[in-house]
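Visitor: Predicted model and sequence follow; I will ask about them next.
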Amino acid sequence: MQMAMARSSSGLAYPERFYAAASYAGFDGSHNSTTTVSSKFQNDTALLLYALYQQATIGPCNVPKPSSWKAVEQSKWKSWQGLENMASTEAMRLFVKILEEDDPSWYSRASNSISESVTDTQVNHYSDEHVIENGNSFPDTKTISTENGTLVETQDKDVVSEDVGSVAVYDQWITPPITGQLPKARYEHGAAIVQDKMYIYGGNHNGRYLNDLHVLDLRSWSWYKVNFKAENEPQEGQSPAKLTPCAGHSLIPWENKLLSIAGHTKDPSETIQVKVFDLQSCTWSTLKTYGKAPISRGGQSVTLVGTSLVIFGGQDAKRSLLNDLHILDLETMTWDEIDAIGVSPSPRSDHAAAVHAERYLLIFGGGSHATCFNDLHVLDLQTMEWTRPAQQGEIPTPRAGHAGVTVGENWFIVGGGDNKTGVSETAVLNMSTLGWSVVTSVQGRVPLASEGLSLVLSSYNGEDILVSFGGYNGHYSNEVNVLKPSHKSTLESKIAETPVPDSVSAIHNITNPTRDVDSEFEGGHEGKIREILMDNMDQGSTKSRGEGTSEHLLATLKAEREELNSSLSKEKLQTLHLKQELTDAETRNTDLYKELQSVRGQLATDQSRCFKLEVDVAELRQKLQNMEALQKELELLQRQKAASEHALNANHRQGSGGVWGWLAGTPDSGNQEEDDA
């Protein structure tokens, strides 16, 4: 009866009724929403409302089960998991029903807060609410767009169109009102920020390279085109620039100048060209560099580290993928090719790069001719060693053509694609913990889910903003989108969940395989104990607790600590066991290496003997062939001798006929003839 009265008095139908109830219950996207929920309801009711809210806005629970030491997070996970495949609409109705049973007059109390339009309530709620589960951020987004200045639902786009300064929510992409002459739609262009102005240079439109330069004034949100010229009398170390249209280049701000590095052109040069645009004289020139310049390319990453540019990878004019590493010293304008140790990233282009703590170069994603990547590589710029640390949290899907920008120790990644579809999520990497989370998502074929878009960091009314421009996802874009990153929602919650050392030592520990495992394990468990305490205190703040609850909490903490100490002892024993196995393995490896060397020596000796035997066999074969020839010659001589002897014997018998006749009394025929005569 009370529920029916509340429904009739509210006049709201589903799902608007659910949104209003969720806002009243404390799921309003504010940073104190968890405290608000726990202060209004009992623990079991708060957990059930949380689970129903997750089921209604996200769907069935498919996140990994939290670790056993996360008591609060595990309770939330169990409540959500218990709903199984409950429909979203059913979860909404059950959420409102439980709220009305617990607080029948909720609508009258919330009437002031929901007097605005239902659409605004939905926008404000969905643009800011993030639920952190097991280290992952699950954004709740509402699909909205603009038609005739009114916010309406749509299935294709969820970018809000309004003035940047009027947006009171964070982590939501908006389209600011833009005036002036819009640049031609493009992708693979260069973008840079100088004094509240975003410069856009070059790019690709319909397969044609561009060489125009446009500026967006981020204070008035107005576009205008820069009319530039090549410098007739360039300064020392520079030469007049032939502004060849290009795409896939990098645009870097440097000393009130813009540096355009590399890029694809119609008639590429042999080596990388560095062009400089003077913002005061509006002239282009080509910098003269020294040393061995890298071969020309496009799709590379160029990162400014101090006074040096670090260039990695790309694709050359012959479409060969690269993974070489070069550094250009901007003070001496000298190139240096780096032969880093460790396993370098595979050849790729259209990846993203960032520098952390002025020491670590991070490479994420990119693509080859056949596939896209989502691997993360770290280069220590002091030791010049590549490592591939393990990523944490919700690792982004493989992509290429994405854009990235750093805000403090957080690296925001936007857009990209996998040759099939564009990437809709805006992800952020905490470069200290190497943990990923999702800030927000878009739907449909929008520029934010494009390849070859640009992303820069600027400020507006004293707050950081991310500005995206252009891209290609089946059609070319010249749209500008803006996002205000919420430092508390995306950074502090992550840091509070996983306490870590300072940024430099954290990355160093992740990338250094010889770190002290025991000390790291102990430090991590101390942080987990502190987190359990903070979560329980946060959940119970602003609401009185009885002594029984405190004793129960203390007993739970003691049990957790004993369990952690037991786990720590087991880990220490396992570490000692692994160290012993490592020592035994190294000993076996040494013995096997010695045996291998012995076998190699014996094999070399046998090979030498085999070679000698082969020589002897060849000589014997030659002698045998000679003997066969002599044998044939001997047989021929023997036959000739036999023939000669036979002829000699025949002649001898013929000459001896008169003697035998004489002895036999037969007169010689010759003498007989003489007598006859």
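Guide: Thanks, I have it.

Visitor: Trp436 contacts Thr426, correct?
Guide: No - between Trp436 and Thr426 there is no contact under Cβ atoms under 8 Å: 11.4 Å. Where C-beta positions appear, they are placed from N, C-alpha and C, glycine not excepted.

Visitor: which other helices and strands contact the top helix by length along the chain?
Guide: Counting residues, the longest helix found in the chain (DSSP state H) is helix 547-655. Applying 3 or more Cβ pairs under 8 Å, 6 or more residues apart in numbering; DSSP states H and E, one finds that helix 547-655 contacts helix 517-540.

Visitor: mean confidence for the helix it packs on?
Guide: Taken as a whole, helix 517-540 carries a mean pLDDT of 40.

Visitor: Count the residues that sit near Tyr472.
Guide: Applying other Cβ atoms under 10 Å, we find 22 other residues in the vicinity of Tyr472.

Visitor: Look at Leu361 and tell me its secondary structure.
Guide: strand (DSSP: H, G, I helix; E, B strand; the rest coil).

Visitor: Chain neighbours aside, what residue packs nearest to it?
Guide: Spatially, and ignoring its direct neighbours in sequence, Leu361 is nearest to Leu379 (4.2 Å; Cβ to Cβ, 6 or more residues apart in numbering).

Visitor: what about the one you found, distance to Gly408?
Guide: Remark: distance between Leu379 and Gly408 (Cβ to Cβ, to the nearest Å) = 20 Å.

Visitor: ok so, going back, show me what the host helix or strand of the residue nearest to Leu361 is packed up against.
Guide: Using DSSP states H and E, Leu379 sits within strand 372-380. Helices and strands touching strand 372-380, by 3+ Cβ pairs under 8 Å, 6+ apart, are strand 360-367, strand 385-387, helix 503-511.

Visitor: redo that, cut-off 10 Å
Guide: For strand 372-380, the packing partners by 3 or more Cβ pairs under 10 Å, 6 or more residues apart in numbering; DSSP states H and E come out as strand 308-315, strand 352-356, strand 360-367, strand 385-387, helix 503-511.

Visitor: ranking those by mean pLDDT, which is last?
Guide: helix 503-511 has the lowest average pLDDT among these, namely a mean of 44.

Visitor: Hmm, Leu328 and Gly306 touching each other?
Guide: No - Gly306 is beyond contact range of Leu328, at 11.9 Å (criterion: Cβ atoms under 10 Å).

Visitor: circling back to that earlier point, which one of the helices and strands packed on strand 372-380 is the most hemmed in?
Guide: Most buried of the helices and strands packed on strand 372-380 by mean neighbour count (mean count of other Cβ atoms under 10 Å) is strand 360-367; its value is a mean of 25.

Visitor: any weak-confidence spans in the chain?
Guide: 1-13, 28-39, 68, 105, 107-168, 230-241, 487-553, 654-677 (pLDDT under 70).

Visitor: Go again with 80.
Guide: Applying pLDDT under 80 to the chain flags the ranges 1-17, 28-44, 67-71, 100-169, 229-242, 487-563, 566, 651-677.

Visitor: domains in it, as residue ranges please.
Guide: Domains of the chain are assigned by the TED database as 15-102, 173-484, 580-633.

Visitor: can you count the residues close to Ala618?
Guide: Based on other Cβ under 10 Å, the number of other residues close to Ala618 is 10.

Visitor: can you check Phe412 too?
Guide: Neighbour count for Phe412, taken as other Cβ under 10 Å: 22.

Visitor: three-state assignment of the nearest residue to it once chain neighbours are set aside?
Guide: Of all residues not flanking Phe412 in the chain, Val428 sits nearest, at 5.1 Å (Cβ to Cβ, 6+ apart). Here Val428 is recorded as strand under three-state DSSP.

Visitor: ok so, going back, any idea what the residue nearest to Leu361 is bridged to?
Guide: Going by DSSP bridges, Leu379 is paired in beta bridges with Leu361, Trp386.

Visitor: Surely it and Arg359 touch.
Guide: Yes - the pair Leu379 and Arg359 passes the contact test of Cβ under 10 Å, sitting 9.5 Å apart.

Visitor: Specify which residue of those two has the higher count of neighbours.
Guide: Leu379 (26 against 17).

Visitor: Now do the contacts for that one.
Guide: 310, 312, 325, 338, 340, 342, 344-345, 353, 355, 359-363, 385-387, 511 (Cβ atoms under 10 Å, 6 or more residues apart in numbering).

Visitor: Quick check: the gap between it and Val343.
Guide: 11 Å.

Visitor: and if you look at Ser250?
Guide: Counting by Cβ to Cβ - Ser250 and Val343 are separated by 25 Å.

Visitor: before we move on, what about Trp284?
Guide: 40 Å.

Visitor: More neighbours: which of these two?
Guide: Each of Trp284 and Val343 has its neighbours counted (other Cβ under 10 Å); Trp284 has more, 24 against 11.

Visitor: My guess is that one contacts Asp212. True?
Guide: No - under the criterion of Cβ under 10 Å, Trp284 is not in contact with Asp212, lying 12.0 Å apart.

Visitor: list the residues that contact both of these two?
Guide: 201, 228, 243.

Visitor: The host helix or strand of Ile413: which residues count as buried?
Guide: For Ile413, the element it lies in under DSSP H and E is strand 410-414. By 16 or more other Cβ atoms under 10 Å, the buried positions in strand 410-414 come out as 410-414.

Visitor: Just put these in CSV and tack on distance to Ser75.
Guide: Shown next, in CSV, are these (distance: Cβ to Cβ, whole Å):
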residue, distance to Ser75
Asn410, 29
Trp411, 32
Phe412, 31
Ile413, 32
Val414, 34
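
Visitor: And the residues you listed, which is closest to Ala400?
Guide: Ile413 (11.9 Å; Cβ to Cβ).

Visitor: quick one: contacts for that closest one?
Guide: Taking Cβ under 10 Å, 6+ apart as the test, what Ile413 contacts is 352, 354, 364-365, 396, 399, 402-405, 423, 425-429, 436, 439, 455.

Visitor: Same check on Pro294?
Guide: 261-262, 271-272, 300, 311, 314, 316, 322, 324-326, 328, 335, 337.
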